[in-house]
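Asks: Okay, predicted coordinates and the sequence, questions at the end:
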Amino acid sequence: MAAVTLRRARCWCPSLLQVFRFPVAQVHLGRPTMRASQQDFENAMNQVKLLKQDPGNQVKLKLYALYKQATDGPCNVPKPGVFDLVNKAKWEAWNSLGNLPKETARQNYVDLVSSLSPSSEASSQGKRGADEKVQESKDIVVTSEDGITKIMLNRPAKKNALTFEMYKEIILTLKNASTDNSAIAVFTGAGDYYCSGNDLTNFTSAAGGMEEAANQGAVVLREFVNSFIDFPKPLVAVVNGPAVGIAVTLLGLFDAVYASDKATFHTPFSHLGQSPEACSSYTFPKMMGSAKATEMLLFGKKLTAREAWAQGLVSEVFPDSTFEKEVWTRLRAYAKLPPNSMRISKELIRNNEKEKLHAVNAEECTTLKARWLSEECINAIMNFVSRKAKL
Ligand SMILES: CCCC/C=C/CC(=O)SCCNC(=O)CCNC(=O)[C@H](O)C(C)(C)COP(=O)(O)OP(=O)(O)OC[C@H]1O[C@@H](n2cnc3c(N)ncnc32)[C@H](O)[C@@H]1OP(=O)(O)O
């Protein structure tokens, strides 16, 4: 298990590995005490490597910062360069501790690791089966029933944020759904969110660094959006909760969008130093007029479901209490309609714009690739990644 933990640490933050490079030993943490001894501190460092689940980037940044403060004192190294994403996040987490005394940092470190340990103890007491089942759950769940291919984003712990793997899975899923015996395809989200857009750690955790991640991202994004442009059957979004970023812009390529009245629609591209994607630089002005499109795509105005309906982004809004029942009853009825007629009618509506949409997609991806490497975007992503590590 330690090897798996180390691998995880390496893929996210290589030098974080050096922080915890100690021989693995089965140790039991002393209970949190008022003043952690050096032995408690060393036990805690080993305990981190025995954690059954990755504690998440924010916790790892916090552990790193407390470790450095406890061993080296206040941050005493120069700030890394703007492109050195990971080390910059670690520097900021350490620097944010200011003059916190070494003893306090050591105690905070031991307490933080203790707070993570019950889960690992729980799983080592035979609950491992339950943990492994959760860890095995897929991020995209595809089911086919009643003539409907249902594509559920299933990463609720991360608000269904899209990883590179999820983009690739969805491309394949739409390819299969375009030729299977279903009549329509439907996207929805598990948990309280529809989808919080691109996983902002896609770029910080890429093994090959930012440049390679941006190149890869542009290729994946262009193919991903093309798979929506070219999907031949009715494509419906069941927006069960808040939608952010690409989850919102893609809606311009859907044929119907049904939203719960608790859904919101947010495209904070300028805040993130980025630019619009999924053909929204074309579909949104066409759909709602350039003034409303600008408020969303440039100024990041978040819309309620009713505002999104008024602007033509949403077909219909339902009370959250009856949303799922009403929408799925309707979709099951729609899926019984003659599929060829629906496909041919969609072709008439969409085909005269396909070439334009492909061209817009290509231009947006080229622009975004440059944006991802800009200081504005890198700083915004760093702020997001380290936002919880600031003690
Ligand atoms: C390669 C193709 C690229 C295509 C480009 C597309 C452009 C975009 O999509 S830009 C939009 C990107 N999305 C965001 O900016 C949203 C970022 N997330 C947030 O602002 C908040 O998490 C959100 C408002 C969605 C929810 O806030 P809270 O209710 O306070 O919950 P948490 O912030 O604690 O979130 C829980 C958990 O989920 C992680 N999370 C949520 N969204 C993302 C995300 N987009 N990327 C990565 N991680 C995300 C969040 O970090 C929390 O994780 P833990 O702290 O580990 O629990």
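Replies: Noted; the coordinates are in hand.
Asks: Roughly how far does Gln311 sit from Met210?
Replies: 35 Å (Cβ to Cβ, to the nearest Å). (C-beta placed from N, C-alpha, C; glycine too.)
Asks: and the most centrally placed residue in the chain, what is it in contact with?
Replies: Nearest residue to the geometric centre of the chain (Cα atoms, centre = their mean): Ala161, 2.3 Å. By Cβ atoms under 8 Å, 6 or more residues apart in numbering, Ala161 lies in contact with Arg155, Cys195, Ser196, Gly197, Asn198, Asp199, Leu200.
Asks: Now do the first one, the pLDDT please.
Replies: What the model reports as pLDDT for Arg155 is 97.
Asks: these two touch, right, it and Lys138?
Replies: No - contact criterion Cβ atoms under 8 Å: Arg155 and Lys138 do not qualify, at 9.2 Å.
Asks: Comparing these two, which residue is more hemmed in?
Replies: When Arg155 and Lys138 are compared for neighbours, Arg155 comes out ahead with 22 against 12, by other Cβ atoms under 10 Å.
Asks: tell me the contacts of the nearest residue to the more buried one once chain neighbours are set aside?
Replies: Among residues not flanking Arg155 along the chain, Asp139 sits closest, at 4.6 Å (Cβ to Cβ, 6 or more residues apart in numbering). For Asp139, the contacting residues are Leu153, Asn154, Arg155, Thr163, Glu165, Met166, Glu169, by Cβ under 8 Å, 6+ apart.
Asks: ok so, going back, and the contacts of Ala161, which is closest to Ser280?
Replies: Here the nearest of the contacts of Ala161 to Ser280, counting by Cβ to Cβ, is Gly197; it sits at 12.2 Å.
Asks: Could I get the phi/psi values of that closest one?
Replies: The phi/psi pair for Gly197 (degrees, to the nearest 10) reads phi 80, psi -160.
Asks: looking at it, it is touching Pro242, isn't it?
Replies: No - between Gly197 and Pro242 there is no contact under Cβ under 8 Å: 10.1 Å.
Asks: Run through the residues that contact whichever residue of the chain sits closest to the ligand.
Replies: Residue nearest to the ligand within the chain: Gly245 (2.2 Å; Cβ to the nearest ligand atom). Neighbouring residues of Gly245 by Cβ under 8 Å, 6+ apart: Ser196, Gly197, Asn198, His266, Thr267, Pro268, Phe269, Leu272.
Asks: Not counting its neighbours along the chain, what's nearest the fourth one?
Replies: The shortest distance from His266 to any residue other than its chain neighbours is 4.1 Å, reached at Lys302 (Cβ to Cβ, 6+ apart).
Asks: what's the burial count for that neighbour?
Replies: 16.
Asks: On the pLDDT front, check it for me.
Replies: Lys302 is given a pLDDT of 98.
Asks: Tabulate the contacts of Asp139 (TSV), appending distance to the ligand.
Replies: Below are the contacts of Asp139 laid out as TSV (distance: Cβ to the nearest ligand atom, whole Å):
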residue	distance to the ligand
Leu153	12
Asn154	14
Arg155	9
Thr163	9
Glu165	11
Met166	10
Glu169	13
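Asks: Pick the one among the contacts of Ala161 closest to Glu92.
Replies: Comparing the contacts of Ala161 against Glu92 with Cβ to Cβ places Leu200 closest, at 15.5 Å.
Asks: Quick one, which of the contacts of Asp139 are buried?
Replies: Neighbour-count burial (16 or more other Cβ atoms under 10 Å) applied to the contacts of Asp139 gives Leu153, Asn154, Arg155, Thr163, Met166, Glu169.
Asks: I'd like to know how far the fifth one sits from Asp199.
Replies: Pointing back at Met166 there. Taking Cβ to Cβ, one finds Met166 at 8 Å from Asp199.
Asks: what's near enough to touch the residue nearest to His266?
Replies: Going by Cβ under 8 Å, 6+ apart, the list of residues near Lys302 reads Thr264, Phe265, His266.
Asks: same deal with Leu61?
Replies: Counting by Cβ under 8 Å, 6+ apart, Leu61 has contacts Ala89, Lys90, Ala93, Val385, Ser386, Lys388, Ala389.
Asks: can you tell me which two in those are farthest apart?
Replies: Using Cβ to Cβ, the pair of the contacts of Leu61 lying farthest apart is Lys90 and Lys388, separated by 14.0 Å.
Asks: And these two? Which one has more around it.
Replies: Lys90 (24 against 14).
Asks: what's the next secondary structure element after the lowest-mean-pLDDT helix or strand in the chain?
Replies: Averaged element by element with mean pLDDT, DSSP states H and E, the chain has its least confident helix or strand at helix 128-136 (a mean of 30). Once the chain leaves helix 128-136, the next helix or strand it forms, by DSSP states H and E, is strand 140-145.
Asks: Counting by contacts, list what the next helix or strand after that next one packs against.
Replies: Using DSSP H and E, the next helix or strand after strand 140-145 towards the C-terminus is strand 148-153. Applying 3 or more Cβ pairs under 8 Å, 6 or more residues apart in numbering; DSSP states H and E, we find strand 148-153 packed against strand 140-145, helix 164-177, strand 184-189.
Asks: hmm, try it at 10 Å
Replies: Secondary-structure packing of strand 148-153 (3 or more Cβ pairs under 10 Å, 6 or more residues apart in numbering; DSSP states H and E): strand 140-145, helix 164-177, strand 184-189, strand 235-239, helix 320-334.
Asks: and these as JSON lines, adding mean pLDDT?
Replies: Output for these, formatted as JSON lines (pLDDT from 0 to 100):
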{"stretch": "strand 140-145", "mean pLDDT": "95"}
{"stretch": "helix 164-177", "mean pLDDT": "96"}
{"stretch": "strand 184-189", "mean pLDDT": "98"}
{"stretch": "strand 235-239", "mean pLDDT": "98"}
{"stretch": "helix 320-334", "mean pLDDT": "98"}
